Every structure is written in C-alpha cells, then in structure tokens.
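Asks: this is the structure alone, sequence omitted:
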C-alpha cells in the first residue's frame, strides 16, 4: 500500500512518495548512500537533472528539503508504504497504519493469569478486509481542530469541576488523548470527518478489529509477551501512572509500540469500539460485530491494573459514562 497525504479540501489525493521520496538510489533503504547523493546537490539551482531532490517543490534544494529527508532517514520503504497521513478539518493531521486482513484467535485461554470469564470462549475470527488504524489514540489537538470544543476541560481540577473534584482526571495538552468522550461525541466527530472526506471512510474499530490489531500476530498476555516486568516500557497503567500521582492520561506515543507499529494499545486511555457488549460464541466468525446496550471499550487506562491492559481484556460502559474514555479511529481506505 502506498502512503498518502489526504487533503480534504481537494477532490484528489497527493501521494507522499510523489513529493517526499527520499530513497534516491532506489535500493529500498533510506541511508547514508541517499544522504551523500542529497549532500552533493544541496544548495544547487534546481534543474531537470536534480529536481527530485527538491522535496517540498519550492524551487530550491535547501534546509526544508533536508528536514524532510531527515524525517525519513533510516526507514525502509515498506515501513513508509504502510503509513497514511490524513489532513483533518481545522489543520491538524492524523497518522494511520495499514493493517492487513487475517485470522486470529480472539479471547484468552483458561490458563492465562489475570483472565476474566467474559474473555472466553476463545474462538477463531477472520478479519476479511484490510484497513488503516490510528497509529496513536485520538488527541486533544485533533479533537479541538475538528470540533472546536474541549470536553475534558471541565474535568481538569477542582476549580473547573467543583461539584465532582474526585473525578477530575485530565490535563489540557494537545498531545494528550482526548478524554471524557462517549459514543454520541464520537459519532459527531466521525460524521464531520466523513463529510469533509466526501465519503464514509472513518469509523471506530470493531472489537474484533481492535484485538486483532492489538495482538499483532501474538498470542501472549500483552503484545510484547508475558513478562509483566516489561509492561512499563509499553503502557501507562496503574503502577507507573496513577500510583505515582499521574492521575491522568499521558502524551500519546511516549511508550514503545506493538509489533505492527501501534502505540498505547495497552493502557493510557480505554478506547471505544463500534460494538455493543455481548458474550462470545465458540464458533468461528468473520468480521463479527457485537450487540448489546453498553458499548465496548478496550485496552484499559492509566487507572487499570496490569491485568486490565492485557490484549484480551474487555470492558463496557453505558451511555453517558465518560471517565478515562478515549478513542482510536479506523479508516477503510
């Protein structure tokens, strides 16, 4: 899949590789060989022989082009091809990772430490269509860019939330996850994106799509393995957040990603899914969508214990409950 920058104000799309292709020697890597080729023409007038080094198309080979090159340095082409960067209304951008279709075992085995009964029975699930999933949780900056509102702002401290100060679990920061959201909020947000895109390509992931992406081909308690001592490297959860006074979500992308390049799939904020809550079936399913009164959330949060940020952990909340809740968007194309 090619990486794209999608400009909502235009009818078409501009491929990243058409403007920012920095594999100058076409060897599949962006390395010192490409750097030397770039350095050789740096500062030269643009002509038909070196125009592809003018990465931003401003008619000069200069420092802005160098910054674009440096941003891609030491990456391989497959990694770049799996990334999509979408422009959002209001000027913000959102980065997505391509997820290939496939089949996995959903839920947890009876032998898994910390398991809850609603994580079974384990069953085979096939995700029949690939999709793009948010590389990070939806941020406050992205939400405010699209919506012009700050639903978390009344939950910052006792001054902003005098009636329920004990539920003031947020900090205002563009790089922090947008929190205190619910289904109706996300429906409105996604609706604005789809209107701007001119087609219905944005939605929340299903619970099956979420767990498939979280596991990223693994069958262990967490996407990095079973060793709980490593959890703090990959997740914001009770031990390294709430219990040390960080009683709010942390900036996205500050922990290590899972094997498919997705950040904060374990902890930070619990993420809304498209499904209603329901019991699992033991039969194999294709693209399942749960039904139920409460909406499913996955991933756990900065408040949750280690067992609550496992790949198989499930939670659900009734409409109107917003504590610790955020989201991660899916794009179909």
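Replies: Yes, it's here. Being a predicted model, the structure only gives us computed values, none of them experimental. Numbers count the residues shown, from 1 in each chain.
Asks: three-state assignment of residue 250?
Replies: Here residue 250 is recorded as coil under DSSP: H, G, I helix; E, B strand; the rest coil.
Asks: now the closest residue to it other than its chain neighbours, what are its backbone angles?
Replies: Leaving aside its sequence neighbours, residue 250 sits nearest to residue 236 (Cβ to Cβ, 6 or more residues apart in numbering; 4.8 Å). Where C-beta positions appear, they are placed from N, C-alpha and C, glycine not excepted. Residue 236 adopts backbone torsions of phi -90, psi 120, taken as degrees, to the nearest 10.
Asks: got it, and residue 64?
Replies: The phi/psi pair for residue 64 (degrees, to the nearest 10) reads phi -60, psi -40.
Asks: what sits against it?
Replies: With contact set as Cβ atoms under 8 Å, 6 or more residues apart in numbering, residue 64 has these partners: 55, 56, 58.
Asks: quick one on the thing from earlier: what's across from the residue nearest to residue 250 in the sheet?
Replies: Per DSSP bridges, the residues bridged to residue 236 are residue 267.
Asks: what about it, distance to residue 249?
Replies: From residue 236 across to residue 249, the span is 7 Å (Cβ to Cβ, to the nearest Å).
Asks: what's the answer for residue 125, then?
Replies: 29 Å.
Asks: ok, those two, which is more surrounded?
Replies: When residue 125 and residue 249 are compared for neighbours, residue 249 comes out ahead with 30 against 23, by other Cβ atoms under 10 Å.
Asks: next, that one: phi, psi?
Replies: Per-residue torsions, residue 249: phi -70, psi 150 (degrees, to the nearest 10).
Asks: against residue 99, how distant is it?
Replies: For residue 249 relative to residue 99 (Cβ to Cβ), the value is 23 Å.
Asks: what segments of the stretch 201-333 of the chain are strands?
Replies: Remark: strands assigned in the stretch 201-333 of the chain by DSSP state E, counting those that start in this stretch are 202-203, 270-276, 285-286, 295-298, 314-317, 325-326, 330-331.
Asks: can you say which of the ones you listed is packed in most?
Replies: Most buried of the strands of the stretch 201-333 of the chain, by mean neighbour count (mean count of other Cβ atoms under 10 Å): strand 325-326, with a mean of 26.
Asks: could you list every helix and strand in contact with that one?
Replies: Packing contacts for strand 325-326, counted by 3 or more Cβ pairs under 8 Å, 6 or more residues apart in numbering; DSSP states H and E, involve strand 270-276.
Asks: ok, residues contacting the strand it packs on?
Replies: 137, 181-183, 186, 203-207, 210, 289-301, 304, 315-316, 324-328.
Asks: among the contacts of residue 64, which one has the most neighbours?
Replies: Counting neighbours by other Cβ under 10 Å, residue 55 leads these with 21 neighbours.
Asks: that residue reaches residue 68, doesn't it?
Replies: Yes. Contact status for residue 55 versus residue 68: in contact at 4.4 Å, counting by Cβ atoms under 8 Å.
Asks: just to revisit the earlier point, can you lay out the contacts of residue 64 as JSON lines showing pLDDT, distance to residue 332 and secondary structure?
Replies: Output for the contacts of residue 64, formatted as JSON lines (pLDDT from 0 to 100; distance: Cβ to Cβ, whole Å; DSSP: H, G, I helix; E, B strand; the rest coil):
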{"residue": "55", "pLDDT": "77", "distance to residue 332": "29", "secondary structure": "coil"}
{"residue": "56", "pLDDT": "74", "distance to residue 332": "30", "secondary structure": "coil"}
{"residue": "58", "pLDDT": "79", "distance to residue 332": "34", "secondary structure": "coil"}
